[in-house]
Structures are given as structure tokens and as C-alpha cells.
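In: Okay, predicted coordinates and the sequence, questions at the end:
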Amino acid sequence: MKRRLSIAAKFFLTHLAIAGAALFLAGAVGFLIVRSFVMADADEALVAKARLVAETFRPLLAARPLPMAEIAEKGDLLGKMSDTRLTIVLPDGTVVADSAVGAAGVRGMENHAHRPEIRDALSGTLGFSQRRSITVRKEMRYAALPILGESEVIGAARAAVPSSDLAGRLWRITAVIWGTGFAALVLILAGAAWLARRITGPLAEMQAAAREMGSGNLSRTLQIRTGDEVEDMAEAMNRMASQLAITIGQLDAGKARLATMLASLSDGVIVVASDRTVRMMNRAAGTILDTSETMGEGRPYAEVIRLPQVLAFIDEWMRGGETKPRDISLQTREGDRTVRLSGTTVRYRGEAGADVLLTLRDTTEERRLSQIKSDFVSNASHELRTPLTNVRGYLEAFQDAIREGGTPEPAFIETAHANAIRMERLIDDLLELSRAESGATAIKKEETSLPAFLSRVGDLHRSAAERAGKTLEVAAGDGALRADIRKLALAVSNLVENAIKYGKDGGRITVSGKVEEETCVLEVADDGPGISTEHLPRLFERFYRVDKGRSRELGGTGLGLSIARHIVESHGGSIHVRSRLGEGTRFIIRLPMESA
């Protein structure tokens, strides 16, 4: 059944058609009339200016010889004063004055005898034309009239203005006309709309409510009391909106929970739609792939992900393959990463295509910790096996000597005892390192003066330094130190012990400290052989030794610097080393004053 227009719609459309047609016709006629008036007014103004110029230049053109320079200068002056282009032309077409080019440029102008308005003026009548000027390269409106002598035409005076000025004036007036007409149309339509709303008020209210509900405002309710089917329909719409609000609220809550869960996951999650665009990407995926998770949604995955290995993995899934999880190495701005990729296909009811759910797990730290654990077990086993083997060997030699009735060599016992002490020191260092790394032992801060703390450390090692033939100096500035004195003394002592062990014979060891603004700086320096630059990055690793054989001979466990680093970091500070071969080594500890 063909739907008919309502009475209100017909009323509104009738007013719109009649008013629009009338105003359009009035506007078009008005435009033509105004255009005619504007052009006529412009021509009158140009003729008046040309007549004034003709009267001004008649005596000059009648003079003999012609004062060419005076004519050109006066024409230039009058043109500037009247803001009009003024031109004086002789009967043969020669231009003797033109305000557009000035007095200096008149001689270079071409003959104007064939210009339409000049031709009419030299023939004794008014001349008008509108054309593009070759001289000023603009569309101009011209008016010219003859300059009469006693018995003949002695020249032509021409006035001109740019057509754009006339057009601007015309369109300004036209804009007023059309603006007034448009305002009248708006008023007419407003009145028609008000009448139409009065007629179809209840239906219009239902239509507006339906649109609001469709845009998401389900709290809108209809208050229509007509006592007929329209009221029943309004109540049905209210019930429908209420039920939709409940359903959408449940869906939004589920979506929010899912988004929160995905955002909090440490694993990266990417959903690639069947049209090869990124449907969803969480923050962890953006971090792993070195991209923004918010900028990727809706874009092709090849534009979002620039890592060839990841793209190849997704391509295999998009082609319908069931690719097994794989580990890949990625280079990002934060360094090299090891990532485990896995995927699965997600199908939705009622959709032909399938999405690909890609998960990315950053296993870099897991692998690093696994490697550290493996290295630690290997190094600890190696460090313990050597002294245990020595103790066992010397005890067996001691046992053999007793079994054969001989006298055991005292050196065997001393060597076995030294190796036992070495194992005890290694175990003590391992326990200390374990406590430092786990944070099981609380830091007990107390305040002491910086000179007293450094003097205490120096006194602990001065005799050992003298036995090693080295000079130990303490240089402390003013200031107070607040820290776990026992632990911090252990960290500095480990640095001093290293300087005593590896410094050059007869060398100097300096333990110094000072307070710089909000930082306490402690430094242990020696003038020993120094450390090669390739060893510096790993110097604080457990069991790392620059010279493994010499370190063991001197009784080192390879854990002192690692213990020192953990103690300093537990105070919120940092420790760095500076060294060059042949220039000695400096260990620098920086502690913030709130922690120091």
C-alpha cells in the first residue's frame, strides 16, 4: 500500500514550495535589477570622471607644442587622487597619460586607436566596453568620451575601474537580498513547522524518542496520554527500551571485564579479522611488538606489525594452516627479546570468516633467569669441587702415610686446612649474597659521621694492605651518613679487598667520601694495572673473574662485587666502575641522602 503524506507534511511542503519559489524568483529578478543599477551607476561615475579629465586636459592638448611631460604627470596625479585608472589618448591613438603605468611608462604603451571605447570617443561619441586589459592584465570596465577643440576632436579621455570592484559591490548587495530572503524563508518554515508539530505532536515525540533510543539513550521515556493505540505503542516502546538497557548493560559490563583482563595480561594478545585487519590488540602486545595498541585497531596487520617473523607466522594462520607455537628473537628499541608465538582460530556464529587469535609471551626474562640459574649452579659446583678435591687428596695422602707407618707431612694438613677455609669463605659469601638478593634481612639504618665510617673501614684493612706492601689512605669530607653500617661496611670492604689483592706492588689505595647536594659519594681507587674495557659490563656478575687463575690463588670467591652491588642497590643507590689498562681502577658508590 502506498504511503500517503500526512496533512501536516502536506501543509509544511506546500509552504516550503510556495515560499521557496517566490523568494527564488524575487531574488533572481532583484539580482538582475541590481546588476543593471550597479553597471549604470558605475558607467555614470566613469563618464563623470572622464568628463572632468577632458575639461582638465583640453587646454594642454590644444597647446603647441604639446607639453607631453606635464600631461603624463598630471594624468598620473589625477588617477591616484581619484583611485581610478585615467588615460589620455591623442587622435592618432598615441597614449600620452595613463595613471596605471605612471608618467615613466607611457612611452612604452602600444597604440590605443583600435580599442573599442577609444575608437568611439575619437569618432565623437561616448564609448563603453568591458574586457581584459593588456596593460594591467585585469578585467576592466571602460568609459571614454571625446576631448573637443574649437572645431575638431583633439583627443580622448578614458576612465576605468577593475571589473572585480563592480562584481564585489554587486555581490555584497546580492548577499543582502538573498540573506533577507533566506531569513524570511526560515521564518515561514519555522511557522509551518510549528503548525505541523501541533498537528502531529504525539507521533513526532515518538519518532524523536525512537531516534534517541537508537543512538544509545535508553533512559528516555515517553509520556503520551491520548487514550488510544498511540498511547499503547508508547508504553510498548518504554518497555522495550528498559529491556534493551538491561541487556546492553550486561554486555558492556562483560566487555569491560574482558578489556580489563586483557589489559592486565602480561602476555600479548592480537585478534586479526578475516579481512586481515587488526580487530583488537592489548597493551602487552604493543609493548612486545614496539607499536601502539590504540593506533592499530582497524588497520591492516601488515601496516601495524613491521616484524617479518611475526608477519610470517600470522600469514600461515590466515592461509588456514595450524602452525605450532614457535620461539622467535626480536630486535626492539628496548633491546633483543625472545617471544613465543602461538595462535588459534576463532569462529563466530552467523559469520562465514574466522578470526585468528595470536598470543605473544615474552620469555626473555624467563630465559635469562634460567641461564643465570644454570650458570650459578655450574660456577658454584666448580668453585666447591676444587677445594673439596684438594682436601680429599691431601687427606688420602695423610691416610696413606699413617697406614705405611710414616710421619704425615705437616704441609698436607696446612693445605687441607687452607682449602677448608676457602670453602667456608665461599659458603659465607653465598649466604650473604642470598640474603642480599632475597631481601630477607631488613636494613637497619643508623646515623654516623662520614669520616668515622671510612676510618673504621680503613682500620679493618690497613694491616692487610701493609702486608701486601701497599699504602691505604682515607680521605673523608664533612657530612653524616645514614645507612645499615654493617652491610655498607661489607660492601666497601669488598672493594678495598679487591684493591689490595689486585693493585700493583708498592701501590696506593684511596678510600674517600663526600656529600654532593642530595647524594653521598663513596669511592675506592687504586693505581693498579687496571681492567680491560670488555670486562667492565660483566664485572658485577656472580663468579665473574677477569683473571680466573690469579683470583683463586689470592683466595677470591668471585662474589665480592656482586654482594657489594646488591647491598648498594638495597639502599636505593648505584655502583659504577671506571678503569683503563695501566691507569688503575675506581669504584664509585652513590647513595641518595634520604637512603644514605
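Out: Here it is on my side, so go on. Numbering: from 1, shown residues only.
In: ok, D527 - contacts?
Out: When contacts are counted by Cβ atoms under 8 Å, 6 or more residues apart in numbering, D527 touches 503-504, 507-508, 583-584. Placement of C-beta: from N, CA and C, glycine included.
In: Repeat the analysis, applying 6 Å as the threshold.
Out: Contact analysis of D527 by Cβ atoms under 6 Å, 6 or more residues apart in numbering lists 507-508, 584.
In: same deal with V106?
Out: By Cβ under 6 Å, 6+ apart, V106 lies in contact with 72, 95, 98.
In: Format those residues as a markdown table; extra columns: pLDDT, secondary structure and neighbour count.
Out: A markdown table is the format used below for the contacts of V106 (pLDDT from 0 to 100; DSSP: H, G, I helix; E, B strand; the rest coil; neighbours: other Cβ atoms under 10 Å):
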| residue | pLDDT | secondary structure | neighbour count |
| --- | --- | --- | --- |
| A72 | 75 | helix | 23 |
| V95 | 81 | strand | 26 |
| D98 | 82 | strand | 25 |
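In: between those, which is closest to D290?
Out: D98 (69.7 Å; Cβ to Cβ).
In: need the contact list for the closest one.
Out: For D98, the contacting residues are 87, 106, taking Cβ under 6 Å, 6+ apart as the criterion.
In: can you do 10 Å?
Out: 72, 75-76, 79, 85-89, 105-106, 109, 112, 135-136, 158, 160 (Cβ atoms under 10 Å, 6 or more residues apart in numbering).
In: next one: R333
Out: D290.
In: And it, how close does it get to T87?
Out: 72 Å (Cβ to Cβ, to the nearest Å).
In: Next: T389.
Out: Per Cβ to Cβ, T389 is found 118 Å from T87.
In: In terms of neighbours, single out the busier of the two.
Out: Counted by other Cβ atoms under 10 Å, T389 and T87 do not tie: T87 has more neighbours, with 29 against 11.
In: does that one count as helix, strand or coil?
Out: strand (DSSP: H, G, I helix; E, B strand; the rest coil).
In: Quickly list what the closest residue to it other than its chain neighbours is bridged to.
Out: Leaving out its chain neighbours, the residue that sits closest to T87 by Cβ to Cβ, 6 or more residues apart in numbering is R158, at 4.2 Å. Note on R158: beta-bridge partners by DSSP bridges are T87, A144.
In: Make residue 1 into 389 and carry on from there
Out: From this message on, residue numbering opens at 389, which makes the last subject R546.
In: if I pick R546, what's in contact with it?
Out: R546 neighbours (Cβ under 10 Å, 6+ apart): 434, 437-438, 441-442, 472-477, 483, 486, 500, 503, 505-506, 509, 515, 517, 530-533.
In: how many neighbours does E540 have?
Out: Here the number of neighbours of E540 (other Cβ under 10 Å) works out to 9.
In: And for G512?
Out: For G512, the count of nearby residues is 12 (other Cβ under 10 Å).
In: Contacts only, for it.
Out: Counting by Cβ under 10 Å, 6+ apart, G512 touches 533-534, 536, 540-541, 544.
In: Backbone dihedrals for G686, both of them.
Out: Here is the backbone geometry of G686 (degrees, to the nearest 10): phi 90, psi -10.
In: again, but for M625
Out: The phi/psi pair for M625 (degrees, to the nearest 10) is phi -70, psi -40.
In: and what of the one 3 residues further on?
Out: Comment: the main-chain dihedrals of M628 come out as phi -60, psi -40, following degrees, to the nearest 10.
In: separation between it and D640?
Out: 18 Å.
In: Give the residue from these two that has the larger number of neighbours.
Out: M628 (13 against 10).
In: from memory the more buried one sits against M601, does it?
Out: Yes - using Cβ atoms under 10 Å, M628 is in contact with M601, at 8.0 Å.
In: can I have stretch 446-455 written out in CSV, keeping just the CAs?
Out: C-alpha atoms of stretch 446-455 as CSV (Å, rounded to 0.1, in the frame of the first residue of the first chain):
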residue,chain,number,x,y,z
ARG,A,446,41.6,70.4,-23.1
PRO,A,447,44.0,73.4,-22.7
LEU,A,448,47.0,71.2,-22.5
LEU,A,449,46.1,69.2,-25.7
ALA,A,450,45.3,72.5,-27.5
ALA,A,451,48.7,73.9,-26.8
ARG,A,452,51.5,73.7,-29.3
PRO,A,453,53.9,72.1,-28.9
LEU,A,454,52.2,69.5,-26.7
PRO,A,455,53.6,69.6,-23.1
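In: okay, and for the stretch 689-838 of the chain, where does confidence drop off?
Out: For the stretch 689-838 of the chain, residues meeting the criterion pLDDT under 70 lie at 722-723, 738-740, 756-776, 778-779, 782, 793-830.
In: could you pull out the helices for it?
Out: Using DSSP state H, counting those that start in this stretch, the helices of the stretch 689-838 of the chain run over residues 689-692, 696-706, 752-791, 798-826, 838-855.
In: where along the stretch 439-588 of the chain do the helices fall?
Out: So, for the stretch 439-588 of the chain - with DSSP H, counting those that start in this stretch - the helices run 456-470, 504-510, 551-587.
In: Indicate which one of those helices is closest to A789.
Out: For the helices of the stretch 439-588 of the chain, the distance to A789 is smallest for helix 551-587, at 120.9 Å, taking Cβ to Cβ.
In: And the next helix or strand past that closest one?
Out: helix 589-602 (DSSP states H and E).
In: So what's the gap between that next one and the chain middle?
Out: Between the centre of helix 589-602 and the centre of its chain there are 43 Å (Cα atoms, centre = their mean, to the nearest Å).
In: for the helix or strand A641 falls within, packing partners?
Out: In this structure, A641 sits in helix 617-652 according to DSSP H and E. Applying 3 or more Cβ pairs under 10 Å, 6 or more residues apart in numbering; DSSP states H and E, one finds that helix 617-652 contacts helix 589-602, strand 656-660, strand 666-669, helix 671-676.
In: Tabulate the ones you listed (JSON lines), appending mean neighbour count and mean pLDDT.
Out: JSON lines is the format used below for the helices and strands packed on helix 617-652 (neighbours: other Cβ atoms under 10 Å; pLDDT from 0 to 100):
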{"stretch": "helix 589-602", "mean neighbour count": "15", "mean pLDDT": "76"}
{"stretch": "strand 656-660", "mean neighbour count": "22", "mean pLDDT": "82"}
{"stretch": "strand 666-669", "mean neighbour count": "22", "mean pLDDT": "81"}
{"stretch": "helix 671-676", "mean neighbour count": "20", "mean pLDDT": "77"}
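In: Can you lay out the ones you listed as a markdown table showing distance to A690?
Out: Formatted as a markdown table, these follow (distance: least, Cβ to Cβ, whole Å):
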| stretch | distance to A690 |
| --- | --- |
| helix 589-602 | 36 |
| strand 656-660 | 10 |
| strand 666-669 | 10 |
| helix 671-676 | 16 |
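In: follow-up on the earlier one: mind listing what's buried along the helix holding A641?
Out: Using 16 or more other Cβ atoms under 10 Å as the test for burial, helix 617-652 gives 621-622, 625-626, 629, 650.
In: Thank you, goodbye.
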